[in-house]
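Visitor: Predicted coordinates and the sequence they were generated for:
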2 protein chains.
Amino acid sequence: MKKTLGATDTFFPVPAALVAGGTMAEHNVITVAWIGIVSSSPPTVGISLRKTRHSLGIIRQCGEFTVNIPPARLFAEVDYCGLVSGRDVDKFEAAGLTPTESSVVAAPIIDECPYNMECRVTGEHEIGEWVLLLGEIVETHADAEVVGADSRIDIAKLNPLVYCAAIREYWELGRKLGDGFNAGRSIHQ
Amino acid sequence: MKKTLGATDTFFPVPAALVAGGTMAEHNVITVAWIGIVSSSPPTVGISLRKTRHSLGIIRQCGEFTVNIPPARLFAEVDYCGLVSGRDVDKFEAAGLTPTESSVVAAPIIDECPYNMECRVTGEHEIGEWVLLLGEIVETHADAEVVGADSRIDIAKLNPLVYCAAIREYWELGRKLGDGFNAGRSIHQ
């Protein structure tokens, strides 16, 4: 039996990514759960920010940002970066995060995050009180110890943080179940 | 030390959601990992489909779709719905999925998925070879046994499937780490 819950933005599982904008000299970081790939070709990520967010102005001005996937152990730091505004505090410093030079964009990547994407803004769309920014992914980085010989990321070693939005819960991954583009072949006739 | 991996759409953790279009009489289902909330007000989900996808025409024609979050145990069925085309086969039937009447939209929800969102298309944007469809969330449903007395979803009971895209791995959740809008208060001065 189904229960009807109304029109809500409850959604899961999602990343709780740290999005950084600005430059190595002056930067800000914000936690973004409204994030996802919007095109594979060209590889493009979409992030949605409330119009009132301090980071929106910084990202619009520079036209660049980075997406940083935190490890599960940093859940309190990630939560902190969503709680306070960069107008009031240097969140990198307060949360013990290290801005590190990117390869292509001016915005820093975050050293403590084992997977990082450099993005250039290619478009934006207003949706009610939110702005969806589209960012072409121009480079990615991962900590050497989570990258296999074939450049494949070891998810178990990386242990990414998972968020269940609106329900407001941080989780870590448990068990790998199967491989994509493979597990379904048992059903495929 | 960071390794540089190039411009890739590798991204994780993401949902592997089943998106259904059409009507109770004629419907199709497709697995979508390029999905996320793009606005909380009005609550709006974005799904990206390759332009060649059969489901894109169906959803554009009806202007409605549903998003269905599968339980982890259905990972093979979810993978199957991404492997084959609705042009060739009735994926609902082949995967043992039950189309169930929605409250607001014509597209069915999927009974075997414990969380379901009904959506009305409010916009679309072409991004290279992909189309981002925006859908306002007009109703949501969850299995009664995963909904608490306060209408809060019990994530442990629901056990949602998690996907790591490009790496192509299905995972289930492990342990809850903390609460959002709370865990970061230990850092907040």
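Guide: Happy to help now that I have it.
Visitor: And for the residue lying closest to A:L158 once chain neighbours are set aside, the neighbour number?
Guide: Nearest non-adjacent residue to A:L158, counting by C-beta to C-beta, 6 or more residues apart in numbering or on different chains: A:V146, 4.3 Å away. For the C-beta atoms, the positions are set from N, CA and C on the backbone; glycine is no exception. Other residues within reach of A:V146, judged by other C-beta atoms under 10 Å in any protein chain shown, total 19.
Visitor: can I assume A:V146 is in contact with A:D154?
Guide: Yes. A:V146 sits in contact with A:D154 when judged by C-beta atoms under 8 Å, with a separation of 5.1 Å.
Visitor: distance of A:K3 from B:P114?
Guide: To B:P114, A:K3 is 10 Å away according to C-beta to C-beta, to the nearest Å.
Visitor: any idea of the mean pLDDT in stretch A:32-39?
Guide: Average pLDDT, stretch A:32-39: 98.
Visitor: could you dump it to PDB, C-alpha only?
Guide: Only the C-alpha atoms of stretch A:32-39 are listed here, as PDB (Å, rounded to 0.1, in the frame of the first residue of the first chain):
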ATOM      1  CA  VAL A  32      25.300  21.300  -2.800                       C
ATOM      2  CA  ALA A  33      22.900  18.400  -2.800                       C
ATOM      3  CA  TRP A  34      21.000  19.600  -5.900                       C
ATOM      4  CA  ILE A  35      23.700  18.500  -8.300                       C
ATOM      5  CA  GLY A  36      24.000  16.000 -11.100                       C
ATOM      6  CA  ILE A  37      25.300  15.300 -14.500                       C
ATOM      7  CA  VAL A  38      23.100  16.900 -17.200                       C
ATOM      8  CA  SER A  39      25.000  15.800 -20.300                       C
END
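Visitor: could you list every residue that touches A:F181?
Guide: Shown in contact with A:F181 (C-beta atoms under 8 Å, 6 or more residues apart in numbering or on different chains): B:79, B:82-83, B:168.
Visitor: That one looks like it's in a strand, true?
Guide: No. Counting by DSSP: H, G, I helix; E, B strand; the rest coil, A:F181 is not part of a strand but coil.
Visitor: Okay, buried residues for stretch A:38-50 please.
Guide: A:38-40, A:43-49 (16 or more other C-beta atoms under 10 Å in any protein chain shown).
Visitor: Can you pull the residues that touch both of A:K3 and B:P114?
Guide: In contact with both A:K3 and B:P114: B:142-143, using C-beta under 8 Å, 6+ apart.
Visitor: Of the two, which one has the most company?
Guide: More crowded of A:K3 and B:P114, by other C-beta under 10 Å: B:P114, with 24 against 14.
Visitor: So which residues of chain A form helices?
Guide: Under the criterion DSSP state H, chain A contains helices at A:54-62, A:75-83, A:91-95, A:155-158.
Visitor: CA atoms of the shortest one as PDB?
Guide: Provided in PDB are the C-alpha atoms of helix A:155-158 (Å, rounded to 0.1, in the frame of the first residue of the first chain):
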ATOM      1  CA  ILE A 155      34.800   3.400  -4.700                       C
ATOM      2  CA  ALA A 156      35.400   1.300  -1.500                       C
ATOM      3  CA  LYS A 157      38.700   3.100  -0.800                       C
ATOM      4  CA  LEU A 158      37.200   6.500  -1.700                       C
END
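Visitor: In that helix, which residues are buried?
Guide: A:155, A:158.
Visitor: what's the answer for the first one, then?
Guide: Buried residues in helix A:54-62, defined by neighbour count with 16+ other C-beta under 10 Å: A:55-56, A:58-59, A:62.
Visitor: As a markdown table, these with pLDDT and distance to A:M24 would be great.
Guide: Putting the buried residues of helix A:54-62 into a markdown table (pLDDT from 0 to 100; distance: C-beta to C-beta, whole Å) gives the following:
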| residue | pLDDT | distance to A:M24 |
| --- | --- | --- |
| A:S55 | 95 | 16 |
| A:L56 | 96 | 20 |
| A:I58 | 96 | 14 |
| A:I59 | 97 | 16 |
| A:C62 | 96 | 12 |
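Visitor: so can I have CSV of the residues you listed showing distance to chain B?
Guide: Below are the buried residues of helix A:54-62 laid out as CSV (distance: C-beta to the nearest C-beta, whole Å):
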residue, distance to chain B
A:S55, 16
A:L56, 13
A:I58, 20
A:I59, 16
A:C62, 19
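Visitor: Determine which two of these are furthest apart.
Guide: The span of the buried residues of helix A:54-62, defined through C-beta to C-beta, is set by A:L56 and A:C62 at 11.4 Å.
Visitor: Could I get the contacting residues of the closest residue to A:T31 other than its chain neighbours?
Guide: Nearest non-adjacent residue to A:T31, counting by C-beta to C-beta, 6+ apart: A:G82, 3.4 Å away. Contacts here follow C-beta under 8 Å, 6+ apart; on that basis A:G82 touches A:16, A:30-31, B:180-181, B:184.
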